[in-house]
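> 3D, please:
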Amino acid sequence: MIVLQRMGEGCNSKNMEVKKELLEETLENLEKEIWPNINPEDESHLVRTCNRLRKIQLKDFEIEDLRIMIGQNIGLKFLMPLAIMKLNEDILVEGDFYPGDLLMTVLRSDKDFWESEPTFWNEMLNILDLQSDRIKDEETSFEMKVDWYEKIKRFRSLLS
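As a prediction, this is how the structure comes out:
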């Protein structure tokens, strides 16, 4: 994976960082695929947003931007490491919807990505283990907690 650089011995999300030069790039540049310009009147808000986000530098991505693009399985090779770093800081980091919305999106993302990047799957398992009390102690609805735990259980079984 070209996005993350390992620092020192051992492998956990605390000793990984995104290479600075990649943060200056756009998904279009990194993937070497330019999406055509769209007519805003002909496309949905989601299509317009994804098209716009492919053209901005990774350093300018906010939590909600990551949630949207990962939710559409766009640019996972480059965006998932950013999401993992954000989740390592706070597993319940929030985009525009609710605490943990980025986590839920990451947990539901494309299984093929995790199969091709098992190191990142292990990083997520590590984060889930280290921050399990944060999830348990979060004040939210019973239904939300059930949903979190169901997604976590499914995610843990993806590659095992």
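> longest helix in this protein, please.
When the chain is parsed with DSSP state H, its longest helix is helix 142-157.
> any low-confidence regions in this structure?
1-18 (pLDDT under 70).
> apply 50 and report the result again.
1-15 (pLDDT under 50).
> which parts of the longest helix of the chain are buried?
For helix 142-157, burial by neighbour count (16 or more other Cβ atoms under 10 Å) applies to 148, 151-152, 155. (C-beta placed from N, C-alpha, C; glycine too.)
> please tabulate these in a markdown table, including the columns distance to I70.
Formatted as a markdown table, those follow (distance: Cβ to Cβ, whole Å):
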| residue | distance to I70 |
| --- | --- |
| W148 | 17 |
| K151 | 14 |
| I152 | 16 |
| F155 | 13 |
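> nearest to L23, of these?
Closest approach between those and L23, by Cβ to Cβ: F155, at 26.5 Å.
> relative to L79, which of the buried residues of helix 142-157 is nearest.
For these, the nearest to L79 is F155 (17.1 Å; Cβ to Cβ).
> what about the residue of the chain most remote from its centre, which SS state?
Most distant residue from the mean C-alpha position of the chain: E41, 29.0 Å away (Cα atoms, centre = their mean). Here E41 is helix, with the state taken from DSSP: H, G, I helix; E, B strand; the rest coil.
> returning to that earlier point: which other helices and strands contact the longest helix of the chain?
helix 101-108, helix 118-130, helix 132-137 (3 or more Cβ pairs under 8 Å, 6 or more residues apart in numbering; DSSP states H and E).
> relative to E21, which of these is closest?
helix 118-130 (20.1 Å).
> out of everything not next to it in sequence, what's closest to D147?
Spatially, and ignoring its direct neighbours in sequence, D147 is nearest to M104 (7.3 Å; Cβ to Cβ, 6 or more residues apart in numbering).
> how near is that neighbour to L76?
Distance, M104 to L76, by Cβ to Cβ, to the nearest Å: 16 Å.
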